[in-house]
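[1] Quick one, fold the following:
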Amino acid sequence: MRAVLFDMDGTLVDSEKLWDIAIQELYRRHGRVLSPQVRTATIGGSADSVMKIVYADLGLRPDPADMAATADWMHDRVGQLFAQGLPWCAGAREMLEALSGAGVTMALVTNTRRGLTEKALDSIGRDHFTVTVCGDEVPTGKPAPDPYLRAADLLGMNPAQCLAVEDSVTGTTAAEAAGCAVLVVPNEIEVPGGPRRRHVETLAGLDVGDLRAVYCDVAGTWDERSA
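    Below is the predicted model of the structure:
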């Protein structure tokens, strides 16, 4: 395990609840109530994928300019909520500090746009991360592997040398497709199991050795399957 690649929303900070506020407001503008099923489908998605889901559900014409303007509004609204403070996910801050203290390389890999990510980093602490990759800096966001491939490339590493930490189906799919071992810490939704992923309920109480053990377990299992 040469590096740990962290998702942001729902993994480090419990910001999915803030996104929920914004998307609920959007639905109220159209006289609708967001269903749990549609909300689940949007968790962890890129701006483009979320807009496609929302516009289809609302029955709106998928005009690219209008969708882009709506995505801009949502990011601005969430930015206002970010400014009021970001709640940490259990154990996340302690894990970042432990990894930094142990000299483990870290990257932030998020579908969130760069402008909003920069606001979040004011709370999270940008000094923890050697590189940060945002959803608007790659050809295709998660669940495509592009963000994780980009992070590994910037670090000069093979994705197989990295452990990704994710909370959503979308992010886990992206990290796994890139070739990373994945530690899944579910937040809002259940994430199915898979050969390159392991689950924990929370980061609270875990240490650097635990993350190394997860990585070695996944890597060992994968090597056996490949033999």
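[2] Could you point out which residue ranges in the protein have low pLDDT?
    221-227 (pLDDT under 70).
[3] how does it divide into domains?
    3-14+88-224, 15-83 (the TED database).
[4] Point out the most buried one among those domains.
    Per-stretch averages of neighbours, counted by mean count of other CB atoms under 10 Å, single out domain 3-14+88-224 among the domains of the chain, with a mean of 20. (Glycine included, C-beta is placed from N, CA and C.)
[5] quick one, strands of the chain?
    Along the chain, the segments classed as strands by DSSP state E run 3-6, 105-109, 131-133, 162-166, 181-184, 197-199.
[6] Packing partners of the fourth one?
    Counting contacts by 3 or more CB pairs under 8 Å, 6 or more residues apart in numbering; DSSP states H and E, strand 162-166 packs against strand 3-6, helix 146-155, helix 169-178, strand 181-184, helix 208-226.
[7] Contacts only, for G179.
    With contact taken as CB atoms under 8 Å, 6 or more residues apart in numbering, G179 is in contact with 145, 158-160.
[8] Can you add distance to K17 and give those back as a markdown table?
    Supplementary listing: these in a markdown table, determined by distance: CB to CB, whole Å:
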| residue | distance to K17 |
| --- | --- |
| P145 | 27 |
| N158 | 35 |
| P159 | 30 |
| A160 | 34 |
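[9] So which of these is the closest to E94?
    Looking at the contacts of G179 and their distance to E94, the nearest is P159, at 25.8 Å (CB to CB).
[10] Might one say that the closest one is in contact with D146?
    No: P159 is beyond contact range of D146, at 11.5 Å (criterion: CB atoms under 8 Å).
[11] related to what we said a few turns ago, tabulate the helices and strands packed on strand 162-166 (a markdown table), appending distance to N111.
    Shown next, in a markdown table, are those (distance: least, CB to CB, whole Å):
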| stretch | distance to N111 |
| --- | --- |
| strand 3-6 | 13 |
| helix 146-155 | 7 |
| helix 169-178 | 8 |
| strand 181-184 | 16 |
| helix 208-226 | 22 |
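[12] so which of those comes closest to G103?
    Once those are compared by CB to CB, helix 208-226 is nearest, at 9.7 Å.
[13] so what's Y27 closest to, chain neighbours aside?
    L34 (4.5 Å; CB to CB, 6 or more residues apart in numbering).
[14] I'd say that neighbour and A22 touch.
    No: in this structure, L34 is not within contact of A22 by CB under 8 Å, at 10.7 Å.
[15] quick one: the residue nearest the centre of the chain and E166, what's the gap?
    Per CA atoms, centre = their mean, the C-alpha nearest to the average position across the chain is that of D7, at 3.4 Å. Distance, D7 to E166, using CB to CB, to the nearest Å: 5 Å.
[16] Kindly report the same for F82.
    From F82 to E166 the distance is 20 Å (CB to CB).
[17] so what's G220 up against?
    By CB under 8 Å, 6+ apart, the contact list for G220 is empty.
[18] do you know how far it is from R196?
    For G220, the distance to R196 - CB to CB - is 12 Å.
[19] next one: phi and psi at P143?
    With angles defined as degrees, to the nearest 10, P143 sits at phi -90, psi 0.
[20] right, and it touches A177 too?
    Yes: the criterion here is CB under 8 Å, and P143 meets it with A177 at 7.3 Å.
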